[in-house]
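Colleague: Got a predicted structure plus its sequence, pasted below:
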Amino acid sequence: MKILVTGATGRIGANLVTRLLDAGHSIRSFVYPPDASRAGKLDAYSGVETVFGDLRNPEDVAKAVAGVDAIYHLAAAFQGPFDNRQYLDINVMGTLNMLESARESSPDLQRFVYASTEGVYWDARVNGRYFKEPISEDMAAGNYPNMAYLLTKWLGEELAMTYHHQYGLPCCAMRFSTVIEPSEFLNEAGLPAHFLYSAAYATYSDPDSYQMTNMPPKEIDDADVQAMIEKLVAGWDGEEKLLLSLNPDGAPYRQHFADVRDIADGLALAIQHDEAVGEVFNLAGAAIFDWAEIVPGLSERFNMPYVEARLPFANYFELDLSKIKTLLGFQPRYDFDSILTTAEAIRRGETTDVLPTGVMFGEA
């Protein structure tokens, strides 16, 4: 098949492309011009055609869609210099442009795979995400995802599934858990940033940080919330240490992540199985991080002390993967240990089976 991959040079896209090439497909890579630093990531691979364009431009999109048999729509405004209007224009109107072009010019399209997010389950009325039971696909209804990325990705998913039901486009959506690309797992000092006290201190000591500015209004003046923040900030003494993060109720953090390789494997299954059409799937990895288990082990591994602290942002969840396992045969493979092992190998300059993310929005 000739497959269009938007965002093909990103952390997920590039690792998906290698799998699709190995399966005998040819690729058209749709690249956003300002992301010049990653534009040539796939140049060494035969079978890849690179086209440049902007999702907001219907003519660019129409040229990219023309003549393809399947589409993976991964590109989105994310972690870049975007405001709320740009998020809406790129992630929502851009997706509409993709769907319209597919409907108008690709009557024999075999699949349109939309990259969605676990964020459809989060609610802007709640400070964090706390789920005692695994999250299934039917638990998104009634939520109000945070602007701008999460809400716009949710709207894009709704568009894709509407085009399936209204126009018969063979769409499916994959809701990714938080993706880890191993080269990004360790910071410049070779330490796991997700578990460092300094990272939490930087977040909660900065009134302009994402966590602070997106805190629900009812939480801002809550005495317990303020006490947690003050204690965390006051506890920073300038010496790096690990943090065993606790939820407001005292339960250790527990979060479902996905190695980029598990995400790429799951995406590849979407064109292999007709059962994917018209369905929405959770897609996560084998990496369920339990801070109570991981932090003491990291303390020994890195010979670094750790402390415990309650944080106002709740974080306790696991995605239910039974649907994608049953319908598509997905089996996640990469857990915490394999992510850390790969991250350390990349840091040593060794060749691994991961294509690193690279510098976003840098110069060519």
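Modeller: Perfect, thanks for sending it. Keep in mind the model is a prediction, meaning the values are calculated, not measured.
Colleague: Please point out which parts of the helix or strand of the chain with the lowest mean pLDDT sit buried.
Modeller: Ranked by mean pLDDT, DSSP states H and E, the weakest helix or strand in the chain is helix 217-220, scoring a mean of 80. Neighbour counts using 16 or more other CB atoms under 10 Å place Glu219 of helix 217-220 among the buried residues. Quick note: C-beta positions are derived from backbone N, CA and C, even for glycine.
Colleague: Could you list every helix and strand in contact with that helix?
Modeller: Helices and strands touching helix 217-220, as assessed by 3 or more CB pairs under 8 Å, 6 or more residues apart in numbering; DSSP states H and E, are absent.
Colleague: Give me the neighbour count for Leu74.
Modeller: The number of residues packed near Leu74 is 22, by other CB atoms under 10 Å.
Colleague: And Asn303, by the same measure?
Modeller: 6.
Colleague: what do you get for Thr50?
Modeller: With other CB under 10 Å as criterion, Thr50 counts 16.
Colleague: For the next helix or strand after the least confident helix or strand of the chain, name the packing helices and strands.
Modeller: Elements were assigned by DSSP states H and E; along the chain past helix 217-220, the next helix or strand is helix 223-234. The contact analysis (3+ CB pairs under 8 Å, 6+ apart) places helix 223-234 against helix 197-204, strand 306-310.
Colleague: Any chance of TSV for these, columns distance to Tyr121, mean pLDDT and mean neighbour count?
Modeller: Below are these laid out as TSV (distance: least, CB to CB, whole Å; pLDDT from 0 to 100; neighbours: other CB atoms under 10 Å):
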stretch	distance to Tyr121	mean pLDDT	mean neighbour count
helix 197-204	22	95	18
strand 306-310	23	97	15
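Colleague: Among the ones you listed, single out whichever gets nearest to Ala345.
Modeller: For Ala345, the closest of these is helix 197-204, at 23.0 Å, according to CB to CB.
Colleague: Give me the angle between that closest one and strand 306-310.
Modeller: 30 degrees (axes from the mean of the first three to the mean of the last three CA atoms, to 10 degrees).
Colleague: per-residue pLDDT, the nearest residue to Asn97 once chain neighbours are set aside?
Modeller: Spatial nearest neighbour of Asn97, excluding adjacent residues (CB to CB, 6 or more residues apart in numbering): Val61 at 4.4 Å. What the model reports for Val61 is a pLDDT of 98.
Colleague: Glu363 too?
Modeller: 57.
Colleague: the helices in the stretch 251-364 of the chain, which residues?
Modeller: 260-269, 291-302, 322-328, 336-347 (DSSP state H, counting those that start in this stretch).
Colleague: Return the most buried member of these.
Modeller: A comparison of the helices of the stretch 251-364 of the chain by mean neighbour count, using mean count of other CB atoms under 10 Å, puts helix 260-269 on top with a mean of 25.
Colleague: which residues are contacting it?
Modeller: Outside of helix 260-269, the residues within contact range by CB atoms under 8 Å, 6 or more residues apart in numbering are 11-12, 15-16, 18-20, 23, 72, 113, 115, 174, 176, 179-182, 276, 281, 283-287, 324, 328-330, 332-334, 353-354.
Colleague: and it, C-alpha only, in PDB?
Modeller: Extracted C-alpha coordinates of helix 260-269, given in PDB (Å, rounded to 0.1, in the frame of the first residue of the first chain):
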ATOM      1  CA  VAL A 260       7.000   4.600  21.400                       C
ATOM      2  CA  ARG A 261       7.700   1.100  20.100                       C
ATOM      3  CA  ASP A 262       4.500  -0.200  21.600                       C
ATOM      4  CA  ILE A 263       2.600   2.700  20.100                       C
ATOM      5  CA  ALA A 264       4.100   2.000  16.700                       C
ATOM      6  CA  ASP A 265       3.300  -1.700  16.900                       C
ATOM      7  CA  GLY A 266      -0.300  -0.900  17.900                       C
ATOM      8  CA  LEU A 267      -0.800   1.600  15.100                       C
ATOM      9  CA  ALA A 268       0.600  -0.900  12.500                       C
ATOM     10  CA  LEU A 269      -2.100  -3.400  13.400                       C
END
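Colleague: what separates it from the chain centre, distance-wise?
Modeller: From the chain centre to the centre of helix 260-269 is a distance of 12 Å (CA atoms, centre = their mean, to the nearest Å).
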